[in-house]
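> mind looking at a prediction? Sequence and model below.
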There are 2 protein chains.
Amino acid sequence: MLTDADHAAEFLTSSRTPGSAETPAPDDFLEKRTASYSYNVEEVPLDSLPNWRLGDRLTHASGRFFSIEGMAIRTDFGPTAEWCQPIIVQPEIGILGIIVRRIHGVRHFLMQAKMEPGNSDLVQYAATVQATPSNYQRVHGGRPTPYLDYFLNNAGRRIVFDQLLSEHASWYLHKRNRNMIIEIPETEDIAVGDDFTWLTLGQLRRQLIRGSRVNMNARTVLSGVSYATNEDPDSYGDLPDEFGRQVAESHRAGRSEADVSAAMTWLIDRKAEFSLRVRPIDLVDLDGWVYGTDCIRHRENRYFRIVGLSVSAASREVGTWSQPMLEPAGRHVVALICQRRSGVLQFLVQAAIQPGLTDRMELAPTVQLTSEPENRPPLAEYLEAPESWIRLNASQSEDGGRFLRADTTHVVIEVPEDHAVEAPDNYRWMTLGLLNRLIRSGYYVNVEARSLLACLL
Amino acid sequence: MLTDADHAAEFLTSSRTPGSAETPAPDDFLEKRTASYSYNVEEVPLDSLPNWRLGDRLTHASGRFFSIEGMAIRTDFGPTAEWCQPIIVQPEIGILGIIVRRIHGVRHFLMQAKMEPGNSDLVQYAATVQATPSNYQRVHGGRPTPYLDYFLNNAGRRIVFDQLLSEHASWYLHKRNRNMIIEIPETEDIAVGDDFTWLTLGQLRRQLIRGSRVNMNARTVLSGVSYATNEDPDSYGDLPDEFGRQVAESHRAGRSEADVSAAMTWLIDRKAEFSLRVRPIDLVDLDGWVYGTDCIRHRENRYFRIVGLSVSAASREVGTWSQPMLEPAGRHVVALICQRRSGVLQFLVQAAIQPGLTDRMELAPTVQLTSEPENRPPLAEYLEAPESWIRLNASQSEDGGRFLRADTTHVVIEVPEDHAVEAPDNYRWMTLGLLNRLIRSGYYVNVEARSLLACLL
């Protein structure tokens, strides 16, 4: 059986393999699949959605899928002490799973070109499987989910990564998905469907850097990838640029039991410091919100709207469907500041309360900026850093199955070694090795931070 | 800095030190402290509790401490699909902390003789510190909490164990406490107050086996103790009996990364299988419950009552106080079945849904038996096992600060190696080493199981 270090070596080699005969042109593949789709996405009134009932809550007639409910929130974290909002409630555990396999000695990822109605670029690379129990138990009578069996409970499953991780906790209540990477042997036959193709991590990185081409669910699974090899990272594959070297070294650093314990103790100190209370209330009673039959929106059109969407598409589980979607009012920005500290690249994360987190607080990016004027968080001034400090600047889509035109700018900023960053007490420098260990321990790193970490692979 | 294995060696030596000049007679110490207390505990009507308000919820005028609220629960786990109940809501994170220190070469635990109004044996050994923020921020103007500073955030804290762990999840909603063990150097002076004394783990084990002498909060902290030494466990201290040897060996087994990952994957499979929905409702609307001004009780006097208690005591943070308490309707039993499997002692745990768990499901003892006739869970027949199989049979108190006369019989049953135990799919054999690693990872082992594990030290 492979150890974690063996897996890391395989991943690092794949990351340093920029091309593959399996998919000579990943851009073309995505474009061809996009062209092969015919779809129509149209906003419709909430109360016209077939099988959805708009009352105290917005629910599906089957009682499955998800619901939109009202919440009253009180916290002493952040600039706003009390507010009301609608939130998506989906207690089911979805599977987000990628199959990997060695091809000609290099690990490849089986990626799916997938249309999601909310994405600005409609078709993006998705995980091999992205399915909720409602999907794969075919509550709405759709087609079976390809490759699902590889991820369901059976003794033959070869698991590289498997963890329940949180989803977007400003918009989802206690939502978590199962993030999995499964390996199949080189010798095992597996049919590759039209929408599927094999990519190396090096190819995926190029797609990630260009933005809006690797969907949210694929990014959160990829955040489980570790490069913590036993040997010198430069002995794996093509030599990367200097920042790439530092990333690989950072994966190997700060990941001992003592490092993990110290980080957990620090996070528990923060959890004890701040409080959060989330209380369900009826949608009609949401202070500051307009409850309409067409949509649910903030009185001043801030934050987000809940709208109806009608979708016709040939290539999803069912050809045509309607559903509620959450559309944010403006563009969000997430940013990670990093710095070489004591010779190792470290990332500044904050312990942050979000209303939908299962245990209230997780590690978040250095900056999470919404379009709200009252939200000017600490260190937001680094978003105007000199061009030479910027290591990543890419737009990425949030989950296009629930969120409409939700594009988040992802930024990674490397500040010079001699630059002093002044951060509040709930911020801490961590190596990629430590962050990866925390991701593998459960609800410790939020989806915004994981999405950024995936872009650093 | 000591490694985890070093700490384990220290704990194992302490466990095999049956006596200490620090506290030659632990029984006498407890009896003397008991005799020095004067207290009076009296049931009073709920609506007569000063500063408590009985409405849709039962709350304290300060908004602090805790509240009693109504919950409607739906689950496909267990014999009952839907029910309503009152539940204790206390979002604060309390500190349960024990100071340890080497004395004459053996680690001792600084234990407190503490009166809790709900305990049948009123004064028991408690952790060094047992305090909620409401206590130690002195909301009700009490005395300062002794030794608290050792556990608060400061750079000099020497942490042996530190984790947020769940509390009794049938009675508490999402309650978790911070369980800590802190070590101070042999050379450091520390004044020992009248209610405090130093005990070895060997002395504590004797108190645990006798029952009702080590309180719930001390037991959950002690469940963090590991005996996973690097060297042969028999080289530490006095040789124990055969079962004691097997316990120490089981602490060293099954605790690799691969073992932990496999157990987590198994638990995630179970989490995906079962659902739980908990919805707050007003106390007056609880179906099947009688909402009285004197108490809140089930129509058929089943499950538990919420009652008022008036307490006068000289030695708690405040001399006299009143509070609501939860009084269970009957005696509960928790049992762990263990067996030598492939030469190593393993324990049969179940993945169980409980309404108050933060992530819905944790590992529970083999049997959790309440006095309800519909609750005859799988494997309950082992409670009638032959005397020769019984390794522990002791009554222990639940948290006497919230629960009144809540005594739970703790049983450990070792079945012979050639005996086949037939268990449902949500049961799994685990070593003590694996269970300890899961306890140290967060919300994986419930308080009933941890309480049993503490009795096995």
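Sure thing, it's come through.

> how close does A:Phe151 sit to A:Ser371?
Per Cβ to Cβ, to the nearest Å, A:Phe151 is found 37 Å from A:Ser371. Where C-beta positions appear, they are placed from N, C-alpha and C, glycine not excepted.

> tell me how many other residues surround A:Leu326.
25 (other Cβ atoms under 10 Å in any protein chain shown).

> then A:Thr128?
27.

> helix, strand, or coil at A:Asp28?
helix (DSSP: H, G, I helix; E, B strand; the rest coil).

> do A:His168 as well
coil.

> in contact with the closest residue to it other than its chain neighbours, which residues?
Once flanking residues are discounted, A:His168 sits nearest to A:Val447: 5.5 Å by Cβ to Cβ, 6 or more residues apart in numbering or on different chains. Shown here is A:Val447, whose contacts under the criterion Cβ atoms under 8 Å, 6 or more residues apart in numbering or on different chains are A:Leu165, A:Ser166, A:Glu167, A:His168, A:Ala169, A:Met216, A:Thr220.

> A:Phe151 and A:Ser371 - which one has more neighbours?
When A:Phe151 and A:Ser371 are compared for neighbours, A:Phe151 comes out ahead with 25 against 13, by other Cβ under 10 Å.

> ok, the nearest residue to A:Val106 once chain neighbours are set aside - contacts?
If the residues on either side of it in the chain are set aside, A:Val106 comes closest to A:Thr17, at 4.8 Å by Cβ to Cβ, 6+ apart. With contact set as Cβ under 8 Å, 6+ apart, A:Thr17 has these partners: A:Val106, A:Thr200, A:Leu201, A:Gly202, A:Gln203, A:Gly237, A:Asp238.

> surely A:Leu30 touches A:Ala113?
Yes - using Cβ atoms under 8 Å, A:Leu30 makes contact with A:Ala113 at a distance of 5.8 Å.

> mind checking which helix or strand the residue lying closest to A:Cys455 once chain neighbours are set aside is in?
Nearest non-adjacent residue to A:Cys455, counting by Cβ to Cβ, 6+ apart: A:Leu208, 4.9 Å away. Using DSSP states H and E, A:Leu208 sits within helix A:201-210.

> by mean pLDDT, flag the weakest helix or strand of chain A.
Of all helical and strand segments in chain A, the minimum by mean pLDDT, DSSP states H and E falls on helix A:133-136, at a mean of 79.

> quick one: buried residues of that helix?
By 16 or more other Cβ atoms under 10 Å in any protein chain shown, the buried positions in helix A:133-136 come out as A:Pro133, A:Ser134, A:Asn135, A:Tyr136.

> ok, stretch A:333-353 next?
A:333-339, A:344-353.

> in the stretch 201-350 of chain A, which spans are helices?
A:201-210, A:216-222, A:242-252, A:257-273 (DSSP state H, counting those that start in this stretch).

> give me the below-cutoff pLDDT ranges for chain A.
A:138-142, A:314-318 (pLDDT under 70).

> check which helices and strands the helix holding A:Leu208 sits against.
Contact here means 3 or more Cβ pairs under 8 Å, 6 or more residues apart in numbering or on different chains; DSSP states H and E; on that basis helix A:201-210 packs against helix A:4-15, helix A:26-36, strand A:106-115, strand A:390-397, helix A:447-455.

> what helices or strands is the second one leaning on?
When you say that, I think you mean helix A:26-36. strand A:106-115, strand A:123-126, strand A:196-199, helix A:201-210.

> return the distance of the helix or strand following it from the chain's centre.
For helix A:26-36, the following helix or strand on the C-terminal side (DSSP H and E) is strand A:39-44. Remark: strand A:39-44 is offset 25 Å from the chain centroid, using Cα atoms, centre = their mean, to the nearest Å.

> pairing partners for strand A:39-44, with directions?
Take DSSP bridges as the rule and strand A:39-44 pairs in its sheet with strand A:304-313 (antiparallel).

> for the partner strand, list every residue counted as buried.
A:Phe304, A:Arg305, A:Ile306, A:Val307, A:Gly308, A:Leu309, A:Ser310, A:Val311, A:Ala313.

> any idea how many residues pack against A:His70?
Just to correct that, residue A:70 is Gly rather than His. Residues near A:Gly70, counting by other Cβ under 10 Å, number 23.

> now do the SS call for A:Arg157.
A:Arg157 - assigned by three-state DSSP - is coil.

> close enough to count as contact, it and A:Ile181?
No - in this structure, A:Arg157 is not within contact of A:Ile181 by Cβ under 8 Å, at 11.1 Å.

> between the two, which one's more packed in?
The neighbour count for A:Arg157 versus A:Ile181, taken as other Cβ under 10 Å, is higher for A:Ile181 (25 against 17).

> any idea what that one is bridged to?
Counting by DSSP bridges, the residues bridging with A:Ile181 are A:Ile98, A:Phe161.

> wait, it sits on A:Arg101?
No - in this structure, A:Ile181 is not within contact of A:Arg101 by Cβ under 8 Å, at 11.1 Å.

> domain map for chain A?
Listed domain ranges for chain A are A:4-37+A:91-250, A:258-275+A:330-435 (source: automatic domain parsing).

> state the distance from the nearest residue to A:Asn301 once chain neighbours are set aside to A:Ile88.
Distances taken as Cβ to Cβ, 6+ apart place A:Ala329 nearest to A:Asn301, at 6.3 Å, with adjacent residues excluded. From A:Ala329 across to A:Ile88, the span is 16 Å (Cβ to Cβ).

> looking at the two, which one has more neighbours?
Legend: neighbour count by other Cβ under 10 Å for A:Ala329 and A:Ile88, higher for A:Ile88 (23 against 16).

> wait, a helix at the more buried one?
No - using three-state DSSP, the assignment for A:Ile88 is strand, not a helix.

> ok, it - contacts?
So A:Ile88 contacts A:Phe66, A:Ser67, A:Ile68, A:Trp171, A:Tyr172, A:Leu173, A:Lys175, A:Leu326, A:Arg402 (Cβ under 8 Å, 6+ apart).

> I figured the first one hits A:Gly401, correct?
No - the pair A:Phe66 and A:Gly401 does not pass the contact test of Cβ under 8 Å, sitting 9.8 Å apart.

> thinking again about what came up before, adding distance to B:Leu392, write the domains of chain A out as JSON lines.
Shown next, in JSON lines, are the domains of chain A (distance: least, Cβ to Cβ, whole Å):
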{"stretch": "domain A:4-37+A:91-250", "distance to B:Leu392": "33"}
{"stretch": "domain A:258-275+A:330-435", "distance to B:Leu392": "30"}
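
> A:Leu392: how many residues sit nearby?
Other residues lying near A:Leu392 total 18 when counted by other Cβ under 10 Å.

> next: the one 3 residues further on.
The criterion is other Cβ under 10 Å. On that basis, A:Ser395 has 15 neighbouring residues.

> now swap in the one 3 residues further on and tell me
Each residue near A:Glu398 was counted by other Cβ under 10 Å, and the total is 27.

> residues of the stretch 201-350 of chain A that sit close to chain B?
For the stretch 201-350 of chain A, the residues in contact with chain B (Cβ under 8 Å from any Cβ of the partner chain) are A:257-258, A:261, A:264-265, A:268-269, A:271-272, A:275-277, A:279-280.

> widest-spaced pair of the residues you listed?
A:Ala258 and A:Pro280 (41.1 Å; Cβ to Cβ).

> so which helix or strand takes in the closest residue to A:Gly202 other than its chain neighbours?
Closest residue to A:Gly202 apart from its sequence neighbours, by Cβ to Cβ, 6+ apart: A:Pro18 at 4.3 Å. Here A:Pro18, judged by DSSP H and E, is contained in no helix and no strand.

> fine, thanks again, bye for now.
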